[in-house]
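Undergrad: Below are the sequence and a predicted model; questions follow.
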Amino acid sequence: MEKIDLKKELRQFYQPSAQEVAEVDVPTMNFLMVDGEGDPNTSRSYADAIEALFSVAYTLKFMLKKGAMAIDYGVMPLESLWWADDMTTFSGDDKSNWKWTAMIMQPSFITQEMIGQAIEEVKKKKNPAAISKMRFESFPEGKCAQIMHIGPFSEEGPTIEKVHRFIDSKGQRIGKHHEIYLSDIRKADPSKWKTIVRQPMQ
């Protein structure tokens, strides 16, 4: 059986330094995605999106492991894009107007047909609330600045500002605020949570 370590292969995008902001050129990757809006801390729709995404991602993994391809790989971490229609109101103090895309990156050999099979399997077993909102899409991100934040989400402010200062010294921010959640927040100490903070730039 072939084993693939996607985090290792994509180390520069999923294991950045926590000390210095780095500029990276992120290639186009394929993602399972669910869109929504509202405060992620209180919005049921965000929790529903996460449940649906991981249900399909793990079903895909086991389909590929047991099937003719006989490929084993680790499910990638949850990622989210965050924004507001009016970015001047995009604030950590009031998240009620936030919009988001929750997503999980998929290996390049995953096809739309495989996604469809996995979704049908998940529907039969537990049919999570957000399954009908899921899509499979390529996401071209390109040039970005990123850094690892260690600690609770509530303390991300200075880390985000550091990324913004880095970009402002070289060009300008574009696109959507992007976070990648490397820790299982149900189990890990909040002081040790690892979150990649990424921002597209030009």
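TA: Here it is on my side, so go on.

Undergrad: how close does the closest residue to Gly151 other than its chain neighbours sit to Ile150?
TA: Nearest in space to Gly151, with sequence neighbours left out and distances taken as CB to CB, 6 or more residues apart in numbering, is Ser191 at 5.8 Å. All C-beta spots, glycine's among them, are computed from the backbone N, C-alpha and C. Distance, Ser191 to Ile150, by CB to CB, to the nearest Å: 8 Å.

Undergrad: before we move on, the earlier item: pLDDT value on the residue nearest to Gly151, please?
TA: We have a pLDDT of 93 for Ser191.

Undergrad: So what's the residue count around it?
TA: Ser191 is flanked by 9 other residues according to other CB atoms under 10 Å.

Undergrad: Would you confirm that it belongs to a helix?
TA: Yes. Under DSSP: H, G, I helix; E, B strand; the rest coil, Ser191 falls within a helix.

Undergrad: wait, what's in contact with it?
TA: The neighbours of Ser191, taking CB atoms under 8 Å, 6 or more residues apart in numbering as the test, are Ile150, Gly151, Pro152.

Undergrad: Equivalent analysis for Ile174, please.
TA: Contact analysis of Ile174 by CB under 8 Å, 6+ apart lists Pro200, Met201, Gln202.

Undergrad: Check what pLDDT it gets.
TA: Ile174 is given a pLDDT of 94.

Undergrad: And Ser43, by the same measure?
TA: 83.

Undergrad: From Ile160, how far off is the residue lying closest to it once chain neighbours are set aside?
TA: Among residues not flanking Ser43 along the chain, Gly36 sits closest, at 6.9 Å (CB to CB, 6+ apart). With distances taken as CB to CB, Gly36 is found 21 Å from Ile160.

Undergrad: Between the two, which has more neighbouring residues?
TA: Shown here are Gly36 and Ile160; by other CB under 10 Å, Gly36 has more neighbours (19 against 16).

Undergrad: Quickly list what that one is bridged to.
TA: Legend: beta-bridge partners of Gly36 under DSSP bridges are Trp100.

Undergrad: Bridge partners for the residue positioned nearest the centre of the chain, pull those for me.
TA: In the chain, the residue lying closest to the centroid (CA atoms, centre = their mean) is Glu79, at 1.1 Å. Beta-bridge partners recorded for Glu79 (DSSP bridges): Met103, Ile180.

Undergrad: can you pick the most crowded of the contacts of Ser191?
TA: Ranked by neighbours (other CB under 10 Å), the contacts of Ser191 are led by Gly151, which has 17 neighbours.
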